[in-house]
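K.L.:
Quick one: sequence and predicted model below, then my questions.
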Amino acid sequence: MSLHIKKEVPSLSKDPLQRRRWHLESLARKIGIESIRAQFPILEIIVRGKPLVYLDNAATSQKPKNVIDTIARYYQRENANVHRGIHFLSEKVTEKYEEVRSKVARFLGAKVDCEIVFTRGTTDSINLIAQSYAYPRLKPGDEILITQMEHHSNLIPWQVVSQRTGANLKVVPITDEGMLNLTQIEQVLSERTKIVSVVHVSNVLGTINPISELSKKAHEIGAVIVVDGAQSTPHMPINVQELDCDFFACSGHKMYAPTGIGVLYGKAPLLESMEPYQTGGSMILHVSLEKAEYAHTPQKFEAGTPNIEGVIALGSAVDFLQSIGMHEIYHYESALVQYAYEILSQIPGVHILGPKKPRAGVVSFTMDCAHPHDIGQILDEEGIAIRAGHHCAQPIMERYGISSTARASFAVYNTVDEIDQLAEAIYKVQEIFK
């Protein structure tokens, strides 16, 4: 711990926070934090004369060497298209591609491999659900239920579907603490509710929503439930059977895989009942000039040449996560986020959005003395990368009467020392603006 922190944050000498720091350091040793960090080449770079402190993981995570090597190896030794070729390279890469589908199915707890559809990311997955499941089924008077804490990716597709079908889009508000009121949700749900779509972990508030309870309530009235898992999948164990969700979407680039690759889990009967909303090559059984017969799930939803190297590298990202263990990651990151929450909340003039517990992934805050963009710029001068803005969640900003926040977001390679550096830099923001 730096002398600056000791001087500027006297409360660090108090036992509760000091004990939390020691506990966090113990967890870091247990998961092998130095070995983990050594797998990320980008963490060695110098930013404006200082070592990089990367705290923008909710936007995208950095990539471990095994993922980077997988991409390089694909183009150097494996490059071919999948599914259609009968030559050696095509057969080899097709086998790897489908092995990753099986690996992701096990990682998420899917019953069968065909419940895993590869997409471009969470946004693409939710749009697929909206267009292929919701649009053909909804009619005027039906209801889609979302919450006030949704990312735009889980808001705008439902706005479009409701406008086109005449269905009503209903929004469950959040409490001052950034939580959902389950009693209020029960009051809103009715036989008219056909779809409930909810974020698992808020990318602004860090709120962890009780998906299993929401699934039960949705199914009791005959609705399907869609879960935006972009911010939960990298941080905690996911089992879609335990969550009992009908659809679950996540993005590779937030879980140490490349950009442009994502996953849609859907219960097999639902996927089989859906028509594809993108058509073309690789998703058909037979085509004539008059009509086409589509392939079975999941191929019918994967039109065109896919992001092959992205899929294979996603498999390597899953290997990385499992080499540490999702339970271990969850316990370490929970302690990390809680330490960040407590140390930042003790800085005068800093206001943190969202609940103290349960919380995952992020700490979003405002300061009395500085705009979030100024905070981000000054922290960048200290080598610290955070995010400043509305985080594609403008309804949350409106809920709290602000335009933007500064957001520090965490990954398994972040450390307690980096949280201390963040606190030091925030004190520097105060010094500059006061």
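P.N.:
Now that the structure is in, tell me what you want to look at. Bear in mind the structure is a predicted one, so any value in this text is a computation, not a measurement.
K.L.:
So what's the residue count around the spatially closest residue to Ile45 that is not a sequence neighbour?
P.N.:
Ranked by Cβ to Cβ, 6 or more residues apart in numbering and with sequence neighbours excluded, the top spatial neighbour of Ile45 is Leu52, at 5.2 Å. The C-beta positions use only the backbone N, C-alpha and C, and glycine is treated the same way. Using other Cβ atoms under 10 Å, Leu52 has 18 other residues around it.
K.L.:
Next one: Leu52 relative to Gln62, how far apart?
P.N.:
9 Å (Cβ to Cβ, to the nearest Å).
K.L.:
Domain map for the protein?
P.N.:
3-55+325-433, 80-323 (automatic domain parsing).
K.L.:
what's the average pLDDT for the last one?
P.N.:
Confidence over domain 80-323, taken as the mean pLDDT, stands at 96.
K.L.:
how long is that domain end to end?
P.N.:
29 Å (Cα to Cα, to the nearest Å).
K.L.:
what about Lys291, neighbour count?
P.N.:
Lys291, neighbours per other Cβ under 10 Å, totals 7.
K.L.:
all numbers from here: first residue = 35
P.N.:
From this message on, residue numbering opens at 35, which makes the last subject Lys325.
K.L.:
returning to what we had before: just name the most buried of the domains of the chain.
P.N.:
domain 114-357 (a mean of 19; mean count of other Cβ atoms under 10 Å).
K.L.:
Adding distance to Thr104, write the domains of the chain out as TSV.
P.N.:
Rendered in TSV, the data for the domains of the chain read as follows (distance: least, Cβ to Cβ, whole Å):
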stretch	distance to Thr104
domain 37-89+359-467	13
domain 114-357	4
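K.L.:
Compare these and give me the one nearest Val101.
P.N.:
The closest of the domains of the chain to Val101 is domain 114-357. By Cβ to Cβ, the value is 4.7 Å.
K.L.:
Quick one: distance of the closest one to the chain centre.
P.N.:
Remark: domain 114-357 is offset 12 Å from the chain centroid, using Cα atoms, centre = their mean, to the nearest Å.
K.L.:
repeat for stretch 377-386
P.N.:
That offset, for stretch 377-386, works out to 25 Å (Cα atoms, centre = their mean).
K.L.:
Likewise for stretch 352-363?
P.N.:
16 Å.
K.L.:
who's in contact with Ile292?
P.N.:
To be clear, residue 292 is Pro; Ile isn't right here. Shown in contact with Pro292 (Cβ atoms under 8 Å, 6 or more residues apart in numbering): Lys97, Val101, Ile105, Gly286, Asn341, Glu343, Gly344, Ala347, Leu348.
K.L.:
Now intersect the residues you listed with the helices, please.
P.N.:
If you go by DSSP state H, those have Val101, Ile105, Glu343, Gly344, Ala347, Leu348 in helices.
K.L.:
which one of those residues is nearest Phe281?
P.N.:
Ranked by distance to Phe281 (Cβ to Cβ), the ones in helices among the contacts of Pro292 are led by Leu348 at 18.5 Å.
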